[in-house]
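Novice: for reference, the sequence and a predicted model appear below.
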Amino acid sequence: MARCYSLCSFPTSFLSPSSFKHEGYLSGRMMVPGRTNTPPISRGYPSFYSRKEFELKSSNGYPLNAVSFPDGLGGKSSTEELVENRMKDGSVPFSEPGKAGSTVSITVVGASGDLARKKIFPALFALFYEDCLPEHFTIFGYARSKMSDEELRNMISETLTCRIDKRENCSDKMDQFLQRCFYHSGQYNSEENFSELDKKLKEKEVGRLPNRLFYLSIPPNIFVDVVRCASHCASSANGWTRVIVEKPFGRDLESSGELTRCLKQHLSEDQIFRIDHYLGKELVENLSVLRFSNLVFEPLWSRNYIRNVQLIFSENFGTEGRGGYFDNYGIIRDIMQNHLLQILALFAMETPVSLDAEDIRNEKVKVLRSMRPLQIDDLIVGQYKGHSAGGKFYPGYTEDPTVPNDSLTPTFAAAALFINNARWDGVPFLMKAGKALHTKGAEIRVQFRHVPGNLYKRNFGTDLDKATNELVLRVQPDEAIYLRINNKVPGLGMRLDRSDLNLLYKTRYPKEIPDAYERLLLDAIEGERRLFIRSDELDAAWALFTPLLKELEERKIAPELYPYGSRGPVGAHYLAAKYNVRWGDLGGENS
Ligand SMILES: NC(=O)C1=CN([C@@H]2O[C@H](COP(=O)(O)OP(=O)(O)OC[C@H]3O[C@@H](n4cnc5c(N)ncnc54)[C@H](OP(=O)(O)O)[C@@H]3O)[C@@H](O)[C@H]2O)C=CC1
Ligand SMILES: O=C1O[C@H](COP(=O)(O)O)[C@@H](O)[C@H](O)[C@H]1O
């Protein structure tokens, strides 16, 4: 995480917690009529730091506090003037630098659940461990389960690991972190219970400008209840209040629109942080860097040179434990409509005006709106069936006790999508996503066109595809970016070979890569919206998939069965062949 690492690379005296202050920004309850809650960061306003030249980078590489305070007194800095002016007009009550600072309270709603335990609390600890959290912060777990603070701490401590070097003993840090974690038990639709939470939050926030972040790690049917109660009874009185919303954001265009409408009765769009954790993955972040900061790629980034793009997701386990949720959604909604489509939009967008969140999100929306809705002929669906291997039986999807026996829900899908704009006209964007396959991974594969009039064509035999240049971004596991090129085998003859120019992260960057949730939580705390989904993006994404999802369900299209642990249904090959494409991940040697 560049910003934190750049923070950590300062001399240690700069790293004292007191140099890390996030000041509060906007007064009022969650929804402030006539005013958006855009924080200082994305508008280029400063945050306050006590040290000259202290610079904390946001995840888009922009300095968050593009300001340095003058040494000594004498004259007002532009920052101080800005603060003073803003306070005079009453609109933005920053707290004064140097006086009582701000605090951030992070409430994990659904704290007893799987996601909270496995991802959210560990990510918060990792941020704390890296000194990336503000100096003053408190974490609250909220759920119906009865638990004491101590029990919550015990639960959390089971999943915490030391961040940089797993062998390092960081029990002191863990203890410090756990001491800042508290629990409140309550119903999700009880204003009274949220008022009790508010009281407890205030006790921790006393004397500081309170900022509040709520993470909705709960089933979607209770999102609106929680937002209503939190907004009425537990939002910050004079700091910012933000809400991270987990997917699924509805199950089609209508239900997603309805969810957005309901949330917006209590929140402004700027307060809603719709999370897609794939946008927080290191390699997905690197996609734009690779493209926009290397001369060698951007000129090739169009239909003129790119033959097809493949977005591939696979898991080598089934819906174990999540069958109840999954059966109502299926793989298209679970993975394609969000994770893979988000990557596609980032991949295919035009150059944004800047790295500002709105500029990037504007470009992504344009791509999504230029796409034609997915056609049923460009889709194949599959479902895994039970399979025995190595003396063990792997049950099929419908053998999961939480899944109906006659379920037609796809656990695998492959699709061909097209972008009807000048850059991408006619280029197939192939997506493939499946559970219970032979391997776990996610990658972006770019296959380039054949070299026209290739002088060496006879060296490749009859299959020119063997000479295809391919750029692969392996998102996980074993993060890597590699470029497949053709080269001569050393020697007196003229034998050609395909080799990989390989940037393998674990050899180039031996440090552990931060989890996606770390980056996204930090961005939400800092008010950086670039990696969160705006409501018009969401609408455009659903518009592409909704007609097809309805058709699949109305026509009760049966998925092609594939054995647990296999490479998926053969239909995926026919679909690719229809567009003269071969899946790059099934291409043989070290593909
Ligand atoms: N788990 C994962 O890997 C991922 C999850 N998500 C999404 O994140 C959110 C949380 O996921 P996860 O932690 O797995 O969910 P859980 O099913 O574990 O639910 C979280 C908590 O919500 C409460 N809860 C569960 N069901 C209900 C219900 N029907 N009514 C009221 N409260 C309920 C429970 O707390 P209590 O009973 O104590 O109140 C539970 O501990 C979901 O929206 C999910 O779709 C997204 C990506 C990945
Ligand atoms: O959002 C989801 O993602 C996970 C896969 O996430 P990863 O970071 O482990 O690749 C997937 O298992 C789950 O079904 C889906 O809801």
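Specialist: On my side now, so go ahead. Ligands and ions are numbered 1, 2, ... in the order given.
Novice: tally of neighbours for the residue in the stretch 301-450 of the chain that ligand 1 sits nearest to?
Specialist: Closest approach between the stretch 301-450 of the chain and ligand 1, counting by C-beta to the nearest ligand atom: Tyr325, at 5.8 Å. C-beta coordinates here come from the backbone N, C-alpha and C atoms, glycine included. Here the number of neighbours of Tyr325 (other C-beta atoms under 10 Å) works out to 14.
Novice: quick one: contacts for it?
Specialist: Pro219 (C-beta atoms under 8 Å, 6 or more residues apart in numbering).
Novice: so what pLDDT did it get?
Specialist: According to the per-residue confidence, Tyr325 scores 90 in pLDDT.
Novice: residue contacts, the residue of the chain found nearest ligand 1?
Specialist: Distances between the chain and ligand 1 by C-beta to the nearest ligand atom are smallest at Gly113, namely 2.4 Å. With contacts defined as C-beta under 8 Å, 6+ apart, the neighbours of Gly113 are 143, 217-218.
Novice: next up, phi/psi of it, please.
Specialist: When quoted as degrees, to the nearest 10, the phi and psi of Gly113 stand at phi -90, psi 180.
Novice: show me the helices in the stretch 151-300 of the chain, by range?
Specialist: Taking DSSP state H, counting those that start in this stretch as the criterion, the stretch 151-300 of the chain carries its helices at 171-179, 191-205, 223-233, 253-263, 282-292.
Novice: winner for burial among those?
Specialist: With neighbours defined by mean count of other C-beta atoms under 10 Å, none of the helices of the stretch 151-300 of the chain is more surrounded on average than helix 223-233, at a mean of 21.
Novice: show me what that one packs onto, helices and strands only.
Specialist: strand 102-109, helix 191-205, strand 209-216, strand 241-245, helix 253-263 (3 or more C-beta pairs under 8 Å, 6 or more residues apart in numbering; DSSP states H and E).
Novice: take those and write them to JSON lines, including distance to Asp359 and mean pLDDT.
Specialist: Conversion of those to JSON lines gives the following (distance: least, C-beta to C-beta, whole Å; pLDDT from 0 to 100):
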{"stretch": "strand 102-109", "distance to Asp359": "27", "mean pLDDT": "97"}
{"stretch": "helix 191-205", "distance to Asp359": "34", "mean pLDDT": "98"}
{"stretch": "strand 209-216", "distance to Asp359": "24", "mean pLDDT": "98"}
{"stretch": "strand 241-245", "distance to Asp359": "21", "mean pLDDT": "98"}
{"stretch": "helix 253-263", "distance to Asp359": "22", "mean pLDDT": "97"}
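Novice: quick check: neighbours of the helix or strand where Tyr482 lies in the sheet, parallel or antiparallel?
Specialist: Remark: Tyr482 resides in strand 480-488, with elements defined by DSSP states H and E. Strand pairing for strand 480-488, using DSSP bridges, gives strand 470-476 (antiparallel), strand 496-504 (antiparallel).
Novice: and those, which is most packed in?
Specialist: With neighbours defined by mean count of other C-beta under 10 Å, none of the strands paired with strand 480-488 is more surrounded on average than strand 470-476, at a mean of 21.
Novice: now do that strand: everything it contacts.
Specialist: By C-beta under 8 Å, 6+ apart, the surrounding residues in contact with strand 470-476 are 278, 281, 283-284, 286-287, 290, 297, 440-448, 480-484, 584.
Novice: same question, stretch 250-263
Specialist: Applying C-beta under 8 Å, 6+ apart, the set of residues contacting stretch 250-263 from outside is 220, 223-224, 227, 243, 245, 249, 272, 328-329, 333, 535, 538-539, 542-543, 545-546, 549-550.
Novice: OK, contacts around Met317?
Specialist: Actually, residue 317 is Phe rather than Met. Neighbour list for Phe317: 435-436, 440 [criterion: C-beta under 8 Å, 6+ apart].
Novice: over to Gln187?
Specialist: So, once contact is read as C-beta under 8 Å, 6+ apart, Gln187 ends up touching 144, 193.
Novice: run the last query once more with 6 Å
Specialist: Contacts were defined as C-beta atoms under 6 Å, 6 or more residues apart in numbering; by that measure Gln187 touches Asn193.
Novice: how near is it to Ala143?
Specialist: Between Gln187 and Ala143 the computed distance is 10 Å (C-beta to C-beta, to the nearest Å).
Novice: returning to what we had before: give me the buried subset of the contacts of Phe317.
Specialist: 435-436 (16 or more other C-beta atoms under 10 Å).
Novice: return the subset of the contacts of Phe317 lying in strands.
Specialist: When these are checked against strands (DSSP state E), there are no matches.
Novice: now pLDDT and distance to ligand 2 too, for the contacts of Phe317, in TSV please.
Specialist: Output for the contacts of Phe317, formatted as TSV (pLDDT from 0 to 100; distance: C-beta to the nearest ligand atom, whole Å):
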residue	pLDDT	distance to ligand 2
Lys435	98	7
Ala436	98	11
Lys440	97	8
